[in-house]
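Participant: no sequence for this one, just the structure:
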């Protein structure tokens, strides 16, 4: 006797669509984000590599202590964009078709640059904000203490904090599978995710406070710029270049790293694991900030802008002399 299948009811069809629609949209979102991350990574490598080359060619830039922290940020962004390529390529390749089931060992080890860079980036951003705050509000204290050793101390402090985060990540997180999730936060324990989000939020709050103070002070100084004496204009122009570049870098970090980190930290503190739903947003924020910083350096700093233009202009002895004289005058 032949067997007849009962046609699926409209309710069954609607239920099937509802069950498959969610994973499909999540997978499509992961694909868009991961492809964007890859494009931004190559952009960040090019932009920050150009900045490093400009510091190498412009000797006066390396001697400027006010730009030392910005150089360290460019180097860290370049190294992160390069070293995190295996992680980004793996996420892109293995999230194209559901179900998503990533290797926990590969994710944990390939995401090491992310854990290190996030805390290093936050620490260097705090250092830049603190340096500009001292320069604007306490100039005598700034000239006395903010030298190259200030930047180097914060660099090693940030690396140390990144290593501590890395140790806690592996110590508190068992290496287990996490199906249907395409971000490192799915593979770490709740305790580490709570600590990571809270510590990043604290750094972010400090940066927000310093940045608001800096922006208000810069606005006040612009209103009084006409009262600056001619003999003090040289020093004012030099500080203005550093202030504009630092403010641009702080704003890009606020937009792509600080505000998302603070928001996620607050939501995680109330017990909702929002980071599992957002995908690789930490990676996306770091890569976006790194690529934007490379553009900010050239657009907002006159010395870097002129040096960048000189790469595409046939040099003559006269033009070279004029550029070197102008750079020396801005020291």
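Facilitator: Ah, there it is. This is a predicted model, so every value here is computed, not measured.
Participant: So which bits of stretch 70-79 are buried?
Facilitator: 70-79 (16 or more other CB atoms under 10 Å). No exception for glycine: its C-beta is placed from N, CA and C like everyone else's.
Participant: can you give me the helices in the stretch 201-331 of the chain?
Facilitator: Along the stretch 201-331 of the chain, the stretches classed as helices by DSSP state H, counting those that start in this stretch are 230-253, 259-269, 275-278, 281-300, 302-310, 317-329.
Participant: which one of those helices has the lowest average pLDDT?
Facilitator: For these, mean pLDDT drops lowest on helix 317-329, to a mean of 48.
Participant: Could I get the full set of helices for the stretch 51-200 of the chain?
Facilitator: Secondary structure of the stretch 51-200 of the chain (DSSP H, counting those that start in this stretch): helices located at 59-63, 68-83, 85-94, 104-110, 112-137, 139-145, 148-172, 190-223.
Participant: what angle separates the third one from helix 112-137?
Facilitator: Note on geometry: by axes from the mean of the first three to the mean of the last three CA atoms, to 10 degrees, helix 85-94 and helix 112-137 are set 120 degrees apart in direction.
Participant: i'd like the first residue to be 18 from this point on
Facilitator: Happy to do that; since the first residue is 18 now, the last one works out to helix 102-111.
Participant: relative orientation of helix 102-111 and helix 85-100 in degrees?
Facilitator: Orientation check (the same axes, to 10 degrees): helix 102-111 against helix 85-100 gives 40 degrees.
Participant: what angle do helix 102-111 and helix 298-317 make?
Facilitator: Using the same axes, to 10 degrees, helix 102-111 lies at 120 degrees relative to helix 298-317.
Participant: returning to what we had before: for the helices of the stretch 68-217 of the chain, give me a markdown table that also has mean pLDDT.
Facilitator: Output for these, formatted as a markdown table (pLDDT from 0 to 100):
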| stretch | mean pLDDT |
| --- | --- |
| helix 76-80 | 74 |
| helix 85-100 | 92 |
| helix 102-111 | 90 |
| helix 121-127 | 92 |
| helix 129-154 | 91 |
| helix 156-162 | 78 |
| helix 165-189 | 93 |
| helix 207-240 | 85 |
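Participant: got the contact list for the nearest residue to residue 181 once chain neighbours are set aside?
Facilitator: Spatial nearest neighbour of residue 181, chain neighbours left out: residue 136 (8.0 Å); criterion: CB to CB, 6 or more residues apart in numbering. Residues near residue 136 by CB atoms under 8 Å, 6 or more residues apart in numbering: 175, 178-179, 181-182, 216-217, 220.
Participant: Mark which of those are buried, thanks.
Facilitator: For the contacts of residue 136, buried by 16+ other CB under 10 Å: 175, 178-179, 182, 216-217, 220.
Participant: Show me which of those is closest to residue 150.
Facilitator: Proximity of the buried ones among the contacts of residue 136 to residue 150 (CB to CB) peaks at residue 220, which lies at 15.2 Å.
Participant: Would you agree the closest one is in contact with residue 140?
Facilitator: Yes - Residue 220 lies in contact with residue 140 (CB atoms under 8 Å); the separation is 7.3 Å.
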